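build me a model:
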Amino acid sequence: MSQRGKYGKWSETSMQEALNAYENNVAGLNEIARRYKVPKATLKRRIDDTNKNVHGCEKKFGRSTDLPLEIENEIVNHVLELERSLFGITRNDLRKLAYDVAEANGILHRFKNGKAGKKWYYCFMSRHKELSLRQPEPTSAARATGFNKEKVKAFFDCLTSLYNEYNFSPSCIYNVDETGLSTVQRPQKIIAQKGKHQIGALTSGERGVNTTCVCCLNAAGNYVPPMLIFKRIRFKDELKAGAPPGTEFACSESGWITSELFVKWLQHFISFAKPSTDRKVLLILDGHTTHTKNLEAILLARKHGIVMLSLPSHTTHRLQPCDVSFFKPLNSYYNQAADKWLRTNPSQNITQFQVSALLGEAYAKAASVGNALSGFAKCGIWPLDPNVFDDSEYVCLSTSTSSTTSFKNQVNSEITEEVIQSASQLTNIDYSNPLASTSTSCLLNTKGKSSSELPKRKSVSEVSPVPILKRKSRNLALSSTTIITDSPYKNDLEKKQLKKIDASSATRNVFSSAKATSKGKSSKLDNKRPITKRRSLQHGTSSESESEDEDCLCLVCLFPYSKSNPGEEWIQCRICKKWSHLKCINGKNVNFYECINCESSSDSD
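A predicted model of the protein is given here:
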């Protein structure tokens, strides 16, 4: 068994000194090796430059990698490009990609079963420290295409104009958003037995009841007390227990915020922020219809000096401070508080009556000055930084629009002829006849071949193209950055609401006139042509009107109605309103039936 500990004791500095001494003819090879404490055989290989893997004083052990370093660097760039385009690859995908690249370029390798081995993967990751295995966040296609440079630039242009016009201080820049609190928490990671497949954690139920929490913070690190919206019709004082001080409470049928509840929250915000026409404040919010299509809220904001700025659609995950730095710790602390409550109350479940107390415990930890300041800084809102996002963060949209990105220009998809020739010499492969890795007949000598005879190598992007996310054409108009409290927007919203009112009133008038017309026609028709009533006897289901003439006699056979057979049909005279058996009228016109008495009287007249 070899002792690897005795190898590699020399340093790169001593090897460089030994090479310099041999070049200057200071002493012989043996003397230089003893003097500088470097292995003689290693020194001889470095002098003759016979090691294909290392040159000069470089210190490196082991055999050469299956793929040349230049190709590995191209794989690294390709993996990073896929990650920026939201099409990142897994460990197995990377191993398959290495195999495909080697097969496409006829490189001799030791890969089996259609992919590189696990050992190659770990060595590859250790050679390229810029890569790591990460858990991605789910990102919808709408957000992927919605967060683009044009929208972000328009937002910061509008924000800059507001700063220049009103000169807002950090304490006057607010952001408001809603988050959901469920009675069924998400369990945290726990310590359990290694290798066990299923690990359980106690929750309150399969599906929880949602409670909306409206949170607001400013760029100075201050927080407006939250507003809780419960999913119920009637409010009870027991729901307030343990809530953060100053919390506003409300109820809605769905548990979500409505236009009326947003107006109520805006009044709550005014009581704490104290805005006025002399001291205006900026309120940044998303483009939800309860915010942007709420005329009552807009008028209230204009009255109290609130400038409302809506964010572009599908950009709140990057431009909204609440989403960036506050809601994640808040929900995390809320889940911790829920786990703690279930441990202390093992026989009970979390209901709406415990939500306020759990929020109070979580809000006290999450509502820190640092989280608020970090959120506004990360979004570039305060301090104002329109260039807070790099161009590489918009690569996703560039891919979706099939345009050339700056990142793609950085990737060298063409390997030089020198690299191809060196890779061929390392593996002794004839590129004109690529064979499988299990074949040994491909070991040919390529010395003497000119670089022009070598075919062009397939790049990694050709072996594994980057998927193109095409933007779908939608009929819906996506909201852009808008100053909601501006007069043009307010006037346009008022006109739209007036049109809706006029259209609805016109519709009501049409329906009412149609009903009146139908009633008039029916009354005229009744005068001209009386309707003849027909009925059949159903025992046990007779109505009150039928019970009044239950003992009437047939005008023809004088048989009482009460003794008729079930289902036997009777017909009423349209003039005297008396009844006869349908079978007794001898096939007369049933639509304009007149009894014998009425017919005789009309004939005498």
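
show me the shaky parts of the stretch 1-150 of the chain.
For the stretch 1-150 of the chain, applying pLDDT under 70 flags the ranges 1-5.

which SS state does Cys576 fall under?
Following DSSP: H, G, I helix; E, B strand; the rest coil, Cys576 is assigned to coil.

wait, I meant Met227
strand.

now swap in Val307 and tell me
Strictly by three-state DSSP, Val307 counts as strand.

in the sheet, who's paired with it?
Beta-bridge pairing for Val307 (DSSP bridges): Leu282.

give me the neighbour count for it.
Counted with other C-beta atoms under 10 Å, the neighbours of Val307 add up to 22. Glycine gets a C-beta too; all of them are placed from N, C-alpha and C.

next: Glu494.
For Glu494, the neighbour count with other C-beta under 10 Å is 13.

residues in contact with Gln193?
Residues in contact with Gln193 (C-beta atoms under 8 Å, 6 or more residues apart in numbering): none are found.

in the protein, what residue spans correspond to strands?
Secondary structure of the chain (DSSP state E): strands located at 173-182, 210-218, 223-231, 248-252, 281-285, 306-310, 482-483, 534-536, 569-572, 579-581.

hey, least reliable of these by pLDDT?
Note on the strands of the chain: lowest mean pLDDT is at strand 534-536, with a mean of 53.

tell me how far the closest residue to His317 other than its chain neighbours lies from Pro138.
Distances taken as C-beta to C-beta, 6 or more residues apart in numbering place Asp323 nearest to His317, at 5.5 Å, with adjacent residues excluded. Asp323 is 14 Å from Pro138, where distance means C-beta to C-beta, to the nearest Å.

who's more crowded, these two?
Legend: neighbour count by other C-beta under 10 Å for Asp323 and Pro138, higher for Asp323 (20 against 5).

right, and that one touches Asp177 too?
Yes. With contact defined as C-beta atoms under 8 Å, Asp323 and Asp177 form a contacting pair (6.5 Å).

residues shared between the contacts of the two?
Thr316.

please name the residues that touch Ala21.
Ala21 makes contact with 27, 32, 35-36 under the criterion C-beta under 8 Å, 6+ apart.

my error: substitute Pro346 in the last question.
Listed by C-beta under 8 Å, 6+ apart, the contact set of Pro346 reads Leu202.

residues touching the residue nearest to His317, list them.
Contacts for Asp323 (C-beta under 8 Å, 6+ apart) come out as 177, 316-317.

out of those, which comes closest to Lys6?
His317 (56.1 Å; C-beta to C-beta).

make sure the closest one is actually in contact with Ala142.
No. In this structure, His317 is not within contact of Ala142 by C-beta under 8 Å, at 11.0 Å.

for Asp100, which non-adjacent residue is closest in space?
Sequence neighbours aside, Val463 is the residue nearest to Asp100 in space, at 5.0 Å (criterion: C-beta to C-beta, 6+ apart).

over to Lys365?
The shortest distance from Lys365 to any residue other than its chain neighbours is 4.7 Å, reached at Tyr333 (C-beta to C-beta, 6+ apart).

hmm, that neighbour is touching Ala362, no?
Yes. With contact defined as C-beta under 8 Å, Tyr333 counts as touching Ala362 (3.6 Å).
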